[in-house]
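Asker: Just to be clear, the model below is a prediction. Sequence and coordinates:
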Amino acid sequence: MSDVGRDNAPRSRPVMSHVGRSATPSNNNNDEENPVPDFQYFGLTPRSPPSLQGFLEVWGVEVHARPDDVNKAQHHTQFYDCNNLVVRRGQPFQITLTISRPYKAQTDKLWVELLIGRYPSAVKGTYIPIYLQDELVKGRWGAKVISAQGNTLGLSVLSPADCIVGRFRMYVAIMTSHGIRRTSRDKATDIYFIFNPWCKEDAVYLSDDDQRQEYVMNDVGCIYYGTSTDVTSRSWIYGQFERNVLNACIHVLDRARMPLQSRGCPINVCRVASAMINSKDDAGVLVGCWDGKYVDGVAPTAWNSSVEILLLYYKNRQPVCYGQCWVFAAVLNTVLRCLGLPTRVVTNFSSAHDNDANLHTDIILDQDGKKMLELTKDSIWNYHCWNECWMLRADLPPRYGGWQVVDATPQETSEGMYRCGPASVIAVKEGQVCFPYDAPFVYAEVNSDVVYWTQQNDGSLVKGEVKTDEIGTLILTKQVGSDMRMNITDLYKYPEGSREERSSLETAVHFGVVKPEAPKDLPKDVSVKVQVDENIMVGSNFTLALEFNNHSNESRSAEVQIYGYVMFYTGVPKVQVTDENIEVEMEPNEVQQAQVVIKSKDYEDKLVEQLTLQFLITATVPETDQRLVIEKKVTLQIPKLRISVEGEVAYGREVSVVVQFTNPLTKTLEHLVLRVDGLDFTRPDLMLFSHLPENETLRANFSVVLRRHGRWKIIGSLDCPALRQVGGELELHVQ
């Protein structure tokens, strides 16, 4: 609430002052800087400038920032579209000074100064004087002369492998008898320092070069979604090397007011970044939205690239609308890879959102077997995307380094903010949920049991079936060096029922995780299986095939209720579309079949993105009071965008990219937005269509000049209120 002045104009509250609490304000903004004098006098400033004849003067500083020059090639930063030098910490880089006369090692005293932020301090590592030495020492700042010819002086500069990550201002200082002479402020000599997975001394060191190429250098990837039995992939442009993305990533840390002196720790950087990618409590990058209403923003399913999102945030200084889990994960992947951290996107299928991380995912039913939405607070997401970052965990026992879970989707708070991790994947597998950060929540996401309760007339709950194998059924990431998927479920959990799995569970329980117990002596005479056809196209009718098996030597009957819902991928029903009741009679040891037809007219006008239908089948056996509960999810298929190229695919040639799509629904689609990424790497190409009648095909042409060698991926999406998550891609190999 703002104050009101005497003229009734609103007046903002004054910013809290540091005066009386500290000598200087917090140094938490990489963009801010302090003025540095070109000449710093010893003692009082003389009335007239002193004579500096004979003292060395620096006329120019060359940092060799071109992509084909020595520094960027050696530091694996040649792909950053940045005019400044980008180097990885813990590794020497070269600069060349143009000086007023030949360098005299015995009498000339010069050094390099690096400063970051507005209040640089030597004790906090934000002001760094780098003095010339005979030999460079690992783990310390240092510089040595590598060449001295005439009026040029070549220096090799070494940073420690734990230095601050960010943009440093550079000066060259020379000692004179009257004071210190410095080079003038020159933004062209600013140097970006980032994490270094190639350096053994860096906490993010990754020994395998193929993995470094995939998890640090690859700027295009695959993200998996759908269900564990119907996995779909989509390509995503991470674009960590594109122009201004590095500045945008540093701005993300600045907006969090992260102290500069703590930006050398990958644990801290990951934790801050996971909070800042969502806007829930800190005006971060993306606004989360799961209700299907996106009129004032972009639907999460329409994005194809992190670049547009980050540059919008950097330009407007406002959160971008909208994101869901895979968008949060993709943008976080870009931020961390851009800063040098090995990072990958991971998808957990059948992911439990357990509000209290107690290994219970509680589903409450009424006496007719219908889910009571007002009482069921836990949910099972079809899938959930998060990130893994590779790092040493100096705060944990040695074996718990390696891959760490970091999740930017705002689900639950951690230490008062919507963030999650880093949590050691090994700790999750071993049940060591006592280790920071947020290991109990991640453990529950992949290990929770599903508990079905029935509410009685008096409001009491009776525990029914407990299912132990329905959560974390499949965990995937992209394979190194290809677009194939890699199953990493065994990194998170031991096989169900194994000795190691029991040991892990006992460890988790020891540290406070509550494991539900299944009711004893529940009758299990009858079993039910549910099958549907594969690859059901949206707009089609399909059949639920039910198979009832009587395993007893006596006759059994089953009273079956079938409820169908259009469902958000988060496990939350939107609207009910099916309500069927059937009765089944079974002779001893007999199998009976039943079918329920689902018609497209019942669901087509009610669909949300992801096109998921959920069927809850409950069956009661009157003879034994056995109650069976089965949930079946069906993801409808959408025709892909057809993307092709016309013209010769060669460097420097102009080609035409053709995008086509045919409406699969029995109604006209309206207000369509076609978005194509990869033609211009910093922004998408957009095309609007007012309507697309049933069975009609739209066609769009885009021209592009191929100005990059190698792999070139073009990704398209089509979005409209009635049909979302329409995508397609084309991969070119430019010679």
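Answerer: Arrived safely. Numbering: from 1, shown residues only.

Asker: Run through who's touching the strand or helix carrying V634.
Answerer: Under the criterion of DSSP states H and E, V634 resides in strand 626-635. Residues outside strand 626-635 that contact it (C-beta atoms under 8 Å, 6 or more residues apart in numbering): 226-227, 230, 232, 363, 365, 369, 382, 452, 454, 464-465, 522-528, 530, 532, 536, 542, 544, 558, 567, 610-621. All C-beta spots, glycine's among them, are computed from the backbone N, C-alpha and C.

Asker: Keep only those of these that are in helices.
Answerer: In helices, judged by DSSP state H, none of the contacts of strand 626-635 are found.

Asker: before we move on, back to that, tell me which strands the strand holding V634 pairs with, and in which orientation.
Answerer: Applying DSSP bridges, strand 626-635 is found paired with strand 612-621 (antiparallel).

Asker: Average pLDDT for the strand it pairs with, rounded please.
Answerer: In this model, strand 612-621 carries a mean pLDDT of 94.

Asker: Tell me how far D38 lies from G117.
Answerer: Distance, D38 to G117, by C-beta to C-beta, to the nearest Å: 20 Å.

Asker: What are the boundaries of the helices in the stretch 351-500 of the chain?
Answerer: Using DSSP state H, counting those that start in this stretch, the helices of the stretch 351-500 of the chain run over residues 425-430, 439-447, 489-492, 499-510.

Asker: The first one packs against which elements?
Answerer: Packed against helix 425-430 by the contact rule (3 or more C-beta pairs under 8 Å, 6 or more residues apart in numbering; DSSP states H and E) you find strand 402-407, helix 439-447, helix 489-492, helix 499-510.

Asker: which helices and strands sit right next to the second one?
Answerer: In other words, helix 439-447. For helix 439-447, the packing partners by 3+ C-beta pairs under 8 Å, 6+ apart are strand 343-353, strand 420-424, helix 425-430, helix 499-510.

Asker: try the last one
Answerer: Helix 499-510 is packed against helix 425-430, helix 439-447, with contacts defined by 3+ C-beta pairs under 8 Å, 6+ apart.

Asker: Assign the nearest residue to W141 once chain neighbours are set aside to helix, strand or coil.
Answerer: Nearest residue to W141 in three dimensions, chain neighbours excluded: I130, at 4.9 Å (C-beta to C-beta, 6 or more residues apart in numbering). When classified by DSSP: H, G, I helix; E, B strand; the rest coil, I130 comes out as strand.

Asker: how about I130, what does it touch?
Answerer: W111, V112, E113, L114, W141, G142, A143, V157.

Asker: ok, back up a step: so D38 and G117 - more neighbours on which side?
Answerer: G117 (27 against 11; other C-beta atoms under 10 Å).

Asker: Surely the more buried one is in a strand?
Answerer: No. Secondary structure assignment (three-state DSSP) places G117 in coil, not in a strand.

Asker: Per-residue confidence, it, what does it come out as?
Answerer: pLDDT, read off for G117, is 96.

Asker: From what I see, it and N28 are in contact.
Answerer: Yes. At 7.5 Å, G117 and N28 qualify as touching, with contact defined as C-beta atoms under 8 Å.

Asker: Can you point out the buried residues in the helix or strand encompassing N581?
Answerer: Element membership for N581 (DSSP H and E) is strand 573-586. Within strand 573-586, the residues that qualify as buried are P573, K574, V577, T578, E580, V584, M586, counting by 16 or more other C-beta atoms under 10 Å.

Asker: Isn't the fifth one up against V596?
Answerer: Yes. In this structure E580 lies within contact range of V596 using C-beta under 8 Å: 5.4 Å.

Asker: for the contacts of I130, which one is nearest K606?
Answerer: K606 has its nearest neighbour among these in L114, at 59.3 Å by C-beta to C-beta.

Asker: I'd like the helices and strands packed on helix 439-447 as a markdown table, with mean neighbour count, distance to C321 and mean pLDDT appended.
Answerer: Converted to a markdown table, those look like this (neighbours: other C-beta atoms under 10 Å; distance: least, C-beta to C-beta, whole Å; pLDDT from 0 to 100):
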| stretch | mean neighbour count | distance to C321 | mean pLDDT |
| --- | --- | --- | --- |
| strand 343-353 | 26 | 21 | 96 |
| strand 420-424 | 27 | 22 | 96 |
| helix 425-430 | 22 | 32 | 97 |
| helix 499-510 | 15 | 38 | 92 |
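
Asker: Which residue, other than its chain neighbours, is closest to V462?
Answerer: In space, V462 is closest to T454, 5.0 Å off (C-beta to C-beta, 6+ apart).

Asker: With P622 instead?
Answerer: Closest to P622 by C-beta to C-beta, 6+ apart is S557, at 6.1 Å.

Asker: okay, N358: pLDDT?
Answerer: What the model reports for N358 is a pLDDT of 68.

Asker: Over to D7?
Answerer: 45.

Asker: where exactly do the strands run in the stretch 1-150 of the chain?
Answerer: According to DSSP state E, counting those that start in this stretch, the stretch 1-150 of the chain carries its strands in the segments 3-4, 10-11, 39-41, 58-62, 85-88, 93-99, 110-115, 127-131, 142-149.
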